[in-house]
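Enquirer: what's the 3D shape of this:
(one chain, ligands or ions: 2)
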Amino acid sequence: MKHSPNDPILLSASLHVDEARKAISDLVKELIEESKHIGGQSAIELVSLDQAINRILAEDLLSPIDVPAADNSAMDGYAFNGDYLGKSKDIISLKVIGTAYAGKPYEGKIGAGECLKIMTGALMPNGCDTVIPQELISALSDSSIEFKENLLKPGENRRLRGEDLQKNKSAIQAGRLLRPSDLGLAASLGIATLKVQRKLKVAILSSGDELRTLGQELDAGNIYDSNRYSLTGLLNRLDLEIIDCGIVRDDPASLKEAFCNAAKVADVLISSGGVSVGEADFTKQIMQELGDVGFWKIAMRPGRPMAFGTLKPVIGQSSPRKTLFFGLPGNPVAVMVTFYQFVRAALLQLNGATQTEPPLTQALSDSVIRKKPGRTEFQRAILGRGKDGKPTVKLTGSQGAGILRSMSEANCFVILHHDQGNIAPGEWVDVALFDGLL
Ligand code: AMP
Ligand code: MG
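Expert: Ligands and ions are numbered 1, 2, ... in the order given. Now for the predicted structure:
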């Protein structure tokens, strides 16, 4: 089924956040399918491990070896034959005939009534399948040990070959946003390079006659363009190629030209400003010519107006693919909230990631939070600990959509869901941490 961002349901006066997310995800899916046919979107690159952080794994990584490669000891202790156990002897005494170290296996034979001192990670010697940990030994001399038989079962404290990972089985699944532990895991398998999705090209621009760039004089009514800087920061968390298209004046010809230039080179265009009620009609007209873009009124705060859709391939574009378009609201906090809520997941999905939703946690609200049912709110807050040690959130002052300081001082959003009403002090609320994301 074809989805259009101009579906009448999506254009309703108060679109549920979840419906908006679903519509975006469906459209991204379509775009991925289309681009498979034209063969442009997903090119795979081979990168060395030290370059692979935050990239998206393009194919399952198969383990070339068993991990561990051979049976080995899980403890510091004594390795022996488990057949001695279960013979109702009460106390077992064994002669210690040598030591097996990690990286220096014991080469000799182990005879009847004998055992071997063994270190964690040392290969299990031939004829031994069980390790008694050091601390369970009841009597110890230089050449013998004694321990109670009922302390362990045959095979205990031994790590089996292939126990963590079997040869030719998937160690990391395709679609993983690679984290430090994944790089360590790949290295532990002796793998030096990974196949990752190419970096998405994302163009950003700010629209508004009042905007000035850093270093320019501010005349009456002018403000500095901050959105491109917060967007650059947000995008850098995802390791993308950013194309900065600067500030564009509120006139049709300039906007059209800027959108076309961005579409030519980018997979995704993110603009901010120009989609609020007063300005939307003007932007709408331009968008009708350039692609299929819906102007949504999302039941959320901040971030109510947002344009979303695709731009048609433009003349002179190297690959005939569509460009995904997000027209974010102009208010600085709304930009960050809509990015967090809609854009981030779409970028990850478009580039083949399987896990696109950031994790949520919960904390106790430290005070009353006023909230009307019927819209989702993203309030900025500081997550900490109350006197009783429980996680607590405290809002960062005035929550207007233009007050960037409320974001800057915060370390999380309190997410108040569509149907929730006022929150009482001590009530649990959903919390999304900024760290690593925003
Ligand atoms: P708009 O969505 O264009 O009506 O803008 C909403 C509000 O956000 C207005 O107060 C704008 O001045 C402000 N705004 C728009 N774009 C930016 C920007 N790039 N940086 C800072 N503020 C902006
Ligand atoms: Mg504007």
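Enquirer: Tell me which stretches of the stretch 1-150 of the chain form helices.
Expert: Counting by DSSP state H, counting those that start in this stretch, the stretch 1-150 of the chain has helices at residues 17-38.
Enquirer: how about low-confidence regions in the chain?
Expert: For the chain, the stretches with pLDDT under 70 are 1, 39-42, 436-438.
Enquirer: Residues of it that sit close to ligand 2?
Expert: 208, 273-274, 330 (Cβ under 5 Å from the ion). Every C-beta, even on glycine, is put in place using the N, C-alpha and C of the backbone.
Enquirer: of those residues, closest to ligand 1?
Expert: Nearest to ligand 1 among these is residue 330, at 2.4 Å by Cβ to the nearest ligand atom.
Enquirer: Any chance of the residues of the chain next to ligand 2 in CSV with secondary structure as columns?
Expert: Formatted as CSV, these follow (DSSP: H, G, I helix; E, B strand; the rest coil):
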residue, secondary structure
208, coil
273, coil
274, coil
330, coil
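Enquirer: between these, which is nearest residue 281?
Expert: Distance to residue 281 across the residues of the chain next to ligand 2 (Cβ to Cβ) is lowest for residue 274, with 10.5 Å.
Enquirer: Please name the bridge partners of the closest residue to that closest one other than its chain neighbours.
Expert: Distances taken as Cβ to Cβ, 6 or more residues apart in numbering place residue 207 nearest to residue 274, at 4.3 Å, with adjacent residues excluded. Beta-bridge partners recorded for residue 207 (DSSP bridges): residue 248.
Enquirer: How about the residue in the stretch 101-250 of the chain positioned nearest to ligand 2: what's its closest non-neighbour residue?
Expert: Closest residue of the stretch 101-250 of the chain to ligand 2, Cβ to the ion: residue 208 (3.8 Å). Once flanking residues are discounted, residue 208 sits nearest to residue 273: 4.5 Å by Cβ to Cβ, 6+ apart.
Enquirer: ok, how many other residues are close to that neighbour?
Expert: 25 (other Cβ atoms under 10 Å).
Enquirer: can you check residue 309 too?
Expert: A count of neighbours around residue 309, defined by other Cβ under 10 Å, yields 26.
Enquirer: residue contacts, the residue nearest to residue 208?
Expert: By Cβ atoms under 8 Å, 6 or more residues apart in numbering, residue 273 lies in contact with 206-208, 211, 227, 279, 328-330.
Enquirer: between those, which is nearest ligand 1?
Expert: Of these, the one sitting nearest to ligand 1 (Cβ to the nearest ligand atom) turns out to be residue 330, at 2.4 Å.
Enquirer: Contacts only, for that closest one.
Expert: Taking Cβ under 8 Å, 6+ apart as the criterion, residue 330 is in contact with 207-208, 227, 272-276.
Enquirer: ok, back up a step: near ligand 1, which of the residues of the chain next to ligand 2 show up?
Expert: Within the set of these, contact with ligand 1 (Cβ under 6 Å from any ligand atom) is found for 208, 273-274, 330.
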